[in-house]
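**Q** Predicted coordinates and the sequence they were generated for:
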Amino acid sequence: EWEKHGTCAMDVLPSEHAYFSKGLELAQKFRFETVLSDQGIVPSWDKGYSFSTVKSLIQEHLGVEEMTWVCKRIDGQNYLYEIRPCLDKNFMPIDCPPRYDNVNRGGCNGEIYLPPPTC
């Protein structure tokens with residue numbers, strides 16, 4: 001991960017430790033799970049949610065419109081696996097430029113499911 005992505009950020013995160021520490025910090029800062037659970041949207045293999053509702057809540061939380069959503073279709077249902085926002089060099093959310101393929105991958109539309117965390 002460091003060699004593929006981290007070295008491109010060396011001007012702002014000059015070491016592997018700084019890079020991975022920032023990743024942990026950002027995961028805590030953006031807390032998508034909390035944003036959704038505050039609205040009653042919780043991980044479940046059995047209960048689906050409107051993709052447009054989930055998308056709107058995350059867009060409002062980040063203050064941006066464009067990002068990449070990754071879903072996987074399993075047994076006829078779409079499961080949300082990743083939300084990929086873009087960040088500027090100050091680690092603030094920005095709209096992803098078109099080259100980042102900020103579209104739905106794998107069928108994020110209609111009803112989606114949020115898989116529970118695994119250990």
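**A** Sure thing, it's come through. Predicted model, so just to flag it, every value in this text is computed and none were measured. Numbers count the residues shown, from 1 in each chain.

**Q** which one's the longest helix in the chain?
**A** helix 16-30 (DSSP state H).

**Q** C-terminal to the helix or strand bottoming out on mean pLDDT in the chain, what's the next element?
**A** Sorted by mean pLDDT, DSSP states H and E, the helices and strands of the chain end with strand 104-105, the least confident at a mean of 60. Sequence-wise, the next helix or strand downstream of strand 104-105 (DSSP states H and E) is strand 111-113.

**Q** For that next one, which residues meet the burial criterion?
**A** Taking 16 or more other Cβ atoms under 10 Å as the basis for neighbour counts, the residues of strand 111-113 that come out buried are 112-113. Yep, even glycine has a C-beta here, placed from its N, CA and C like the rest.

**Q** coming back round to it: and the contacts of the longest helix of the chain?
**A** Residues outside helix 16-30 that contact it (Cβ atoms under 8 Å, 6 or more residues apart in numbering) are 1-2, 5-6, 9, 13, 61-62, 85, 87, 91, 93.

**Q** Now do the phi/psi pair for the most centrally placed residue in the chain.
**A** Central residue of the chain (Cα atoms, centre = their mean): Ile83, 2.0 Å from the mean position. In this entry, Ile83 is assigned phi and psi values of phi -120, psi 120 (degrees, to the nearest 10).
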